[in-house]
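>>> any chance you can model this:
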Amino acid sequence: HAFLLPNFFPATNVARGRPAFQSSTIESQFNSVARKAVDGNCSGRWIGQDSCTHTKKEKDPWWYVDLGRQYAISSVVVKSREDCCGERLRGAQIRVADCVPNRGFSNRLCGTITNTRLGAISTISCKGQVGRYVIVTVPGRTVSLALCEVEVYGTKV
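Numbering: from 1, shown residues only. Prediction:
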């Protein structure tokens, strides 16, 4: 007999090409705007590759993507820079929300990034949390937030 795993639904990357926003954008020749994290380019090199987001150094930097509608989020995959500064993502929180007040800090936590190796790919399980926005924040620290790609896997609700 064939069987299905409970709560198993095929998931696709629902963040690619969606509108994205961040707390600030560092001034550089690399145009490190928020949409770079959802452009499908998974290069982890900020310098010279023009592929990553990058905020200014600030307290509690944040980034989020608007999925356009509610999804049940199974997981969020974050690709960090491979050319520098992996420790900046230490403690970064992934949150799912239906609105983004307080830069998302008051919304449901999926998980925290602990892997700070250069070029690390962190997969955070959201266990089907439902929301329209996926937020990456680095609470309680003054750092610049750089994301080279963020993939959000989920299904329509």
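>>> so which residues of this protein form strands?
12-13, 20-22, 58-59, 62-79, 93-97, 108-112, 121-137, 142-143, 149-156 (DSSP state E).
>>> show residues contacting the fifth one.
In this case it means strand 93-97. 73, 76, 78, 104-105, 107-113, 124, 126, 129-139 (Cβ atoms under 8 Å, 6 or more residues apart in numbering). (Glycine included, C-beta is placed from N, CA and C.)
>>> most tightly packed of the strands of the chain?
Comparing the strands of the chain on average neighbours per residue, with mean count of other Cβ atoms under 10 Å, the densest one is strand 93-97 at a mean of 24.
>>> and the angle for that one with strand 121-137?
Using axes from the mean of the first three to the mean of the last three Cα atoms, to 10 degrees, the inter-axis angle of strand 93-97 relative to strand 121-137 is 60 degrees.
>>> give the pairing partners of strand 93-97; include direction for each.
Neighbouring strands of strand 93-97 in its sheet, by DSSP bridges, are strand 108-112 (antiparallel), strand 121-137 (antiparallel).
>>> so which of those strands is nearest C42?
strand 121-137 (8.7 Å; Cβ to Cβ).
>>> what angle do the closest one and strand 149-156 make?
Using the same axes, to 10 degrees: strand 121-137 against strand 149-156 is 80 degrees.
>>> so what's I26 up against?
Residues in contact with I26 (Cβ under 8 Å, 6+ apart) are 32, 54-56, 144.
>>> show the average pLDDT along stretch 78-91.
The average pLDDT within stretch 78-91 is 92.
>>> if you could redo that for stretch 136-146, that was the one I meant.
pLDDT averaged over stretch 136-146 gives 95.
>>> can you list the weak-confidence ranges in this structure?
Residues of the chain meeting the criterion pLDDT under 70: 1-11, 48, 101-106.
>>> one more time with 80
Applying pLDDT under 80 to the chain flags the ranges 1-11, 29-30, 45-50, 100-107.
>>> do I have it right that A146 meets K56?
No: using Cβ atoms under 8 Å, A146 is not in contact with K56, being 11.0 Å away.
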